[in-house]
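> just a sequence and a predicted model for now, questions to come.
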Amino acid sequence: MSLNDDEIERYARHLVLPEIGGPGQQRLKNARVLVVGAGGLGAPLLQYLAAAGVGKIGIVDDDIVSLSNLQRQTIYGTDDIGAHKAVAAAAFIRRLNPHVIVEEHVTRIDPHNARALIAFYDIVAEGSDNFATRYAVSDACFHERKPLVMGALGRFDGSVTTIRAHETGTDGRPNPTWRCLFPEAPPPGAIPTCAEAGILGALPGAVGSLMALEVIRTVTGFGEPLVGKLLLIDALTMRFETLRYGWDETNSLNGTARA
């Protein structure tokens, strides 16, 4: 399905970019992206994916909007307090861009349902706040052969990476998995929650926007993705740094010693 007149005007600034143009915008329209988590990272991520013209967006979140969310989760308003985030986020997207199909999944993703949810999408973007969800999503993306953009937040820091563990790198070795980067989850209580440690309100907006950029890059094919690279953002010193990481043959997902 080609772009109509309204879409041509809406996406005009993309269409004049040679790196995206008409073919890239059409790929965005045909894309199906699943966003896991509609909180601090998910809010800007969803906003920019919808504005960019991603044709179908799925939202997975079982949480509800609270007053303390509004300091950073700017797609919600005071009237949304008490509503399911997936439902309120979907309503925001429909107001922003009626050309986007939104699917709401008011549930918590886990190892039992992850593959079933992910199977119907082309790309997954994970912005949850716990390691159990990250492992469940990253493992499912490997088995379903789906690209995965992952983001994380600290008090004044954040990170973004892209996982394409189902593919092989230019060196002939498998691309790294999430488990190559974090073989095991930290012990319970080792990392304080957002409520315990606090978080700078504007930081999720910056990191979530970078995640959206990485998803759009994955769909359209421009530039160099963050595969095997961890982008680190330090808001205290306003520094960006990229660390490289590779496939660990001992990792439990696709390592040579797995059972």
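On my side now, so go ahead. Numbering: from 1, shown residues only.

> tell me the helix or strand right after the helix or strand of the chain with the lowest mean pLDDT.
The helix or strand of the chain with the poorest confidence is helix 194-197; it has a mean of 83 (mean pLDDT, DSSP states H and E). Next helix or strand after helix 194-197 toward the C-terminus (DSSP states H and E): helix 203-220.

> what separates Leu226 from Ala206, distance-wise?
15 Å (C-beta to C-beta, to the nearest Å). Every C-beta, even on glycine, is put in place using the N, C-alpha and C of the backbone.

> show me which of these two is the more surrounded one.
When neighbours are counted by other C-beta atoms under 10 Å, Leu226 comes out ahead of the other of Leu226 and Ala206, with 23 against 14.

> might you report the residue contacts of Glu144?
Listed by C-beta atoms under 8 Å, 6 or more residues apart in numbering, the contact partners of Glu144 are Arg115, Ile118, Ala119.

> the residues you listed in strands, which ones?
Among these, none falls in strands (DSSP state E).

> ok, and the most crowded of those?
Counting neighbours by other C-beta under 10 Å, Ile118 leads the contacts of Glu144 with 25 neighbours.

> what does the model give it for pLDDT?
Looking at Ile118, its pLDDT reads 97.

> contact partners for the nearest residue to Gly246 once chain neighbours are set aside?
Nearest non-adjacent residue to Gly246, counting by C-beta to C-beta, 6 or more residues apart in numbering: Pro176, 5.5 Å away. Counting by C-beta under 8 Å, 6+ apart, Pro176 makes contact with Ile163, Ala165, Gly228, Tyr245, Gly246, Trp247, Asp248, Asn251.

> how about Phe182?
Phe131, Arg134.

> what about Tyr135, distance to Ile123?
Using C-beta to C-beta, Tyr135 is found at 19 Å from Ile123.

> what does Pro23 give?
For Pro23, the distance to Ile123 - C-beta to C-beta - is 17 Å.

> with Ala12 instead?
According to C-beta to C-beta, Ala12 and Ile123 sit 24 Å apart.

> okay, the two: which has more neighbours?
Ile123 (23 against 10).

> phi first, then psi, for that one.
Per-residue torsions, Ile123: phi -140, psi 150 (degrees, to the nearest 10).
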